Each structure stands twice: as C-alpha cells, then as structure tokens.
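**Q** Give the three-dimensional model of this entry:
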Amino acid sequence: MQSAPLFLALRYLRPTRSFISVITVISMLGVMLGVGVLVFVMSVFSGWQREFRQMLIGFEPHAMVQPMSSRDEGPKADWRELRKTLAAHPDVVSAVPVAEGVVVVENEGNLQGVNVIGMTDDADNGLLQKLTKHIKEGSFDLKGDTIILTDKFAREIGAKIGDTLVVHAADSVNQFIQQVREIPEDTEEKKRAEALDNVTVLSKDLKLVATLRADTAGQRGYVPLHVAQEFFNLESGVSGIELELKQPDAAEGIMQAIYQSGTLPETWGYRTWDQQHGMMLESVENQRTMMWFLLLFIMLVAAICVMNTTITVTVKKRREIGILTALGTRAWQIIAIFVSQAGIVALVGVAAGLAGGFFFLSIRNVLREQIAGLTGRDIFPQDIYFLSSIPAHTNLSDLLFICSTAVALCLVAALVPAWFAARVDPAVALRDGG
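**A** All right, here's what the predicted structure looks like:
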C-alpha cells in the first residue's frame, strides 16, 4: 500500500479528453509561468546589481579623503605627508592626490558641463591603471594641456581625438553670469561694452587625447593635476587624496578603521565608492524585494489553480474514494493520493518554468532589440541602468527558494480539499457516486 497513493495519483493524471485534463494542464501552465517569470526577473536583477557594483569598482575611486573645512578655516594639514602615511597602510594599494570639480567644455559652439578629476600619471597611480582598461580611442596622456572624456560626451559636443577644446572653469562661468546680470540694462552701449570687457572667464585650450567607454567608465572626465588646480583655484593644494584599496568591497570598514586610528587629521573626512552610490544600490535592492512580493502573487494564483484541480478531482472521484475507504484505506493515504497529484503537477510546472526562464534569459538581449524595434522604446536604457546590455546572474539560493516555494504552495493548496475528501463517509460517498 505504500506505493498505492502515487500509483493512483499518476492514474488520475493520465491524459484523457475530459475537463479534469484541461484544468490540470492549466495548473501546470500557471506554475510554469510563475517559476519562469521569477527566474528571469530575479536573474536580471541579480545580474544588474552584480555588474553595477563591479562597474563602479572598476572606475570609481575606492575611497576619497578630503578636507572638511574650507581653505580659509584653521591650519592646513600637509597633504603630502598624509599621502605618504596613507600609502604605507597595509590595506591601501595607492594614494593619489586629486583635484575634483566641474568644468564647462566648449566645441564649435556646443557647451556642456562635466565633472572632472585632475591627477598625475605616476606609475603608482592605481586609479589611472584601472581607467586605462576602459579606453576606447587614444591614450591616457596626462602631460601638458590635455583632457580625456567619455565617448558619449565627446559625441554630444561633436569632438574627436586630436581636437582642441575650450574648457572653462565652472566657478568663473557662474561669476561671469552674475557680473553680467549686475550691469544695468539701461546702461549706455559704450559703457556696457566696457563693463563686459572687464568681465573675464578662466579658460584653457585642452587637447582631447583619449575617449573612455561611457557604459563602463562612468560619465567623468580627466585632466592633468596642474590644470585642475588652476581651474579650481587650489594653487598647489588638492581637493582630496584618492585611495585604491586591496579589498574594495570592504571599503567602509577599512576607512572607518583608518579614521578611528587617528591617521586622518581632525579636519579631514572620507567617502567611499559605495557611500557615493548608496542610494542607487539601495534602490536596486528595494526593487528586487518588491519584485519578489509582486511575482509571488503569480505563484499564489498557480497554487489556487492546483487547489481547483484537486477539488474537481475529489468530486469526480467521490465514489472511488468511498470504495477505498470501505476497503480499509486510511485517511492519510487518501490525502497522500491527491497531495501526490498536486506535487507531480508542481514538479512538472517547476521543471518547465526553469527551462522557459533559462531559455528567455539566453535570448534576453535579442528580445530587447526586437521590442525596441517594434515599440521604439528601449526597455533597458543605458542612461538609467549604466550598462549597454542586459546582464543576468542566477543564484543557486534563489533557484532553490523559487522552486521550493512553488512546490510548497501547491502542496498546501491541495492539502485542504484532500483532507475534506479523506473525511467522507464511505456509505454516503457510494450512495452519491452511484
């Protein structure tokens, strides 16, 4: 009798031209859809989260230590000595002085602002070494008056390698606008022209020597340190010291230890790559959690379909249940018949869902192109997600959770009607079934 419940469950699932077969197939399709969608969506979310983190580590400074006070407040700490101290730390790969800020780039009348980092091209510059991997065209030359931009930014202003671009300091541009607004509108034309002549903008001609891939290197530009110091009025100072760490994933813990050890002066603070992009990373995790709950409803609908199938089968097989009960079959064996049936439906649906989910994952970028061609809309825009293709990464833990949840919901859904079926009085069942 141990294999009897499974034997009867398989017998009841045997394809026949009946309503039971139709709703059984619908139940399987429901489970397949729920599992397939969950596998696809969770894999894409996990892949994007993983690729985005790796992309940030691949071009962002792992950590930046910066003076918290302005240049006019209190005594200045010697950044050169601080750099040596930080470079000697066992968790630090390199410590590079940088000047960071915003400039306005002009080319053939096209003006656009961009955040730039000024640095030297020393051999121990860890940031430069990892940025060179993202070069699309040209060479990472930080000698002389040069500038490096992303391919997207260069395309937007119509610039190409070898072009000389006029770069304006953003602060001086703002000051220029303010001074122009202060000139009264009713001023005589000659006096107005003289006043405008006295308004100057700090500008330099910089040669575009390289472009970086915007989809892997972010949106930032790079200039030599001396150029950035001039633009940001730092003289011989810097706006911070960039650190490359041996374990970038542990950046917060490493920097916290450095800060608590007293290595950093009181007037200096720090920021890490994950702090700077924490909102985006947290947003992705929140979206992933919300998708779990939303897609779980598909699984619940599939489980309800399985419950309806079990209810229908127990009603149609009421006479047989009565006969089995009259022959001495125990209640748990009756329950096992219909729970086994639901389990088989769930397992077949899970297997089909996994196959379908992985199939669509394999053609995800082809589907993206086809949908974009049909609708004119990109479902995975690079400006929002920072990646040129849809990533995917499937975690084994996610797969186990999805599959076990699907099977568990189906078994629980079938348990209720199966329990009621097992409590049927044999005499009543035989009479009604007859």
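**Q** from here on, contacts and neighbour counts on C-alpha atoms
**A** Noted.
**Q** From residue 357, how far out is residue 349?
**A** 12 Å (Cα to Cα, to the nearest Å).
**Q** List the contacts of the longest strand that the chain contains.
**A** Ordering each strand of the chain by length in residues (DSSP state E) puts strand 92-107 first. With contact meaning Cα atoms under 8 Å, 6 or more residues apart in numbering, strand 92-107 is reached by 83-84, 86-87, 111-120, 124-126, 157-159, 165-170, 225, 228-229, 231-232, 238-246.
**Q** Now intersect the residues you listed with the helices, please.
**A** Residues of the contacts of strand 92-107 located in helices (DSSP state H): 83-84, 86-87, 126, 157, 170, 225, 228-229, 231.
**Q** Report the buried members of these.
**A** 83, 86-87, 126, 157, 170, 225, 228-229, 231 (16 or more other Cα atoms under 10 Å).
**Q** so who does the residue nearest in space to the middle of the chain touch?
**A** What sits nearest the mean C-alpha location of the chain, by Cα atoms, centre = their mean, is residue 49, with 3.3 Å. By Cα under 8 Å, 6+ apart, the contact set of residue 49 is 281, 284-285.
**Q** hmm, 7 Å instead?
**A** If you count contacts by Cα atoms under 7 Å, 6 or more residues apart in numbering, residue 49 has them with residue 284.
**Q** Tell me how far it lies from residue 79.
**A** Distance from residue 49 to residue 79, by Cα to Cα: 35 Å.
**Q** Residue 61 too?
**A** Counting by Cα to Cα - residue 61 and residue 79 are separated by 18 Å.
**Q** what about the two, which has more around it?
**A** Counted by other Cα atoms under 10 Å, residue 61 and residue 79 do not tie: residue 61 has more neighbours, with 22 against 18.
**Q** low pLDDT regions in this structure?
**A** 1-21, 69-77, 171-201, 317-329, 331-332, 379-388, 422-434 (pLDDT under 70).
**Q** switch to 50 and redo it
**A** Applying pLDDT under 50 to the chain flags the ranges 1-2, 71-75, 180, 434.
**Q** Break it into its domains for me.
**A** If you go by automatic domain parsing, the domain ranges for the chain are 4-55+280-433, 61-276.
**Q** quick one: the helices in the stretch 1-150 of the chain?
**A** Using DSSP state H, counting those that start in this stretch, the helices of the stretch 1-150 of the chain run over residues 4-12, 19-59, 79-87, 126-131.
**Q** now swap in the stretch 201-350 of the chain and tell me
**A** 214-217, 225-231, 251-260, 273-276, 278-316, 318-326, 331-362.
**Q** Touching the third one from outside, list them.
**A** So the one you mean is helix 251-260. Residues contacting helix 251-260 (Cα under 7 Å, 6+ apart): 62-63, 272.
**Q** Likewise for the fourth one?
**A** Helix 273-276 is touched from outside by 60-63, with contacts defined as Cα under 7 Å, 6+ apart.
**Q** Just those: which are in strands?
**A** Per DSSP E, these map to strands at residue 63.
**Q** Tell me how many other residues surround residue 144.
**A** So residue 144, with other Cα under 10 Å, has 13 neighbours.
**Q** how close does residue 415 get to residue 344?
**A** Residue 415 is 14 Å from residue 344, by Cα to Cα.
**Q** hmm, back to that, in terms of neighbours, single out the busier of residue 349 and residue 357.
**A** residue 349 (28 against 22).
**Q** list the contacts for that one?
**A** Residue 349 sits next to 28-29, 31-32 when contact means Cα under 7 Å, 6+ apart.
**Q** Check the residues you listed against residue 363 and report the nearest one.
**A** residue 32 (18.3 Å; Cα to Cα).
**Q** Next up, the contacts around the residue nearest to the closest one when sequence neighbours are not counted.
**A** Excluding the flanking residues, the one nearest residue 32 by Cα to Cα, 6 or more residues apart in numbering is residue 353, at 3.9 Å. Going by Cα under 7 Å, 6+ apart, residue 353 touches 32-33, 35-36.
**Q** 6 Å instead?
**A** With contact taken as Cα atoms under 6 Å, 6 or more residues apart in numbering, residue 353 is in contact with 32, 35-36.
**Q** Adding distance to residue 333 and neighbour count, write these out as JSON lines.
**A** Output for the contacts of residue 353, formatted as JSON lines (distance: Cα to Cα, whole Å; neighbours: other Cα atoms under 10 Å):
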{"residue": "32", "distance to residue 333": "28", "neighbour count": "28"}
{"residue": "35", "distance to residue 333": "29", "neighbour count": "30"}
{"residue": "36", "distance to residue 333": "32", "neighbour count": "25"}
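**Q** any chance of those residues in TSV, plus distance to residue 215?
**A** Shown next, in TSV, are these (distance: Cα to Cα, whole Å):
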residue	distance to residue 215
32	35
35	31
36	29
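**Q** what's the neighbour count on residue 256?
**A** Residue 256: 12 neighbours (other Cα under 10 Å).
**Q** And for residue 108?
**A** Residue 108 has 10 neighbouring residues, counting by other Cα under 10 Å.
**Q** got it, and residue 24?
**A** Neighbours of residue 24 (other Cα under 10 Å): 23.
**Q** mind checking how far it is from residue 308?
**A** 9 Å.
**Q** and the longest strand of the chain, which strands flank it?
**A** Strand 92-107 sits in its sheet next to strand 110-119 (antiparallel), strand 164-169 (antiparallel), strand 240-245 (antiparallel), going by DSSP bridges.
**Q** number of nearby residues for the closest residue to residue 126 other than its chain neighbours?
**A** Spatial nearest neighbour of residue 126, excluding adjacent residues (Cα to Cα, 6+ apart): residue 94 at 5.6 Å. Look at residue 94: counted by other Cα under 10 Å, it has 21 neighbours.
**Q** That's all I had, so thanks and see you.
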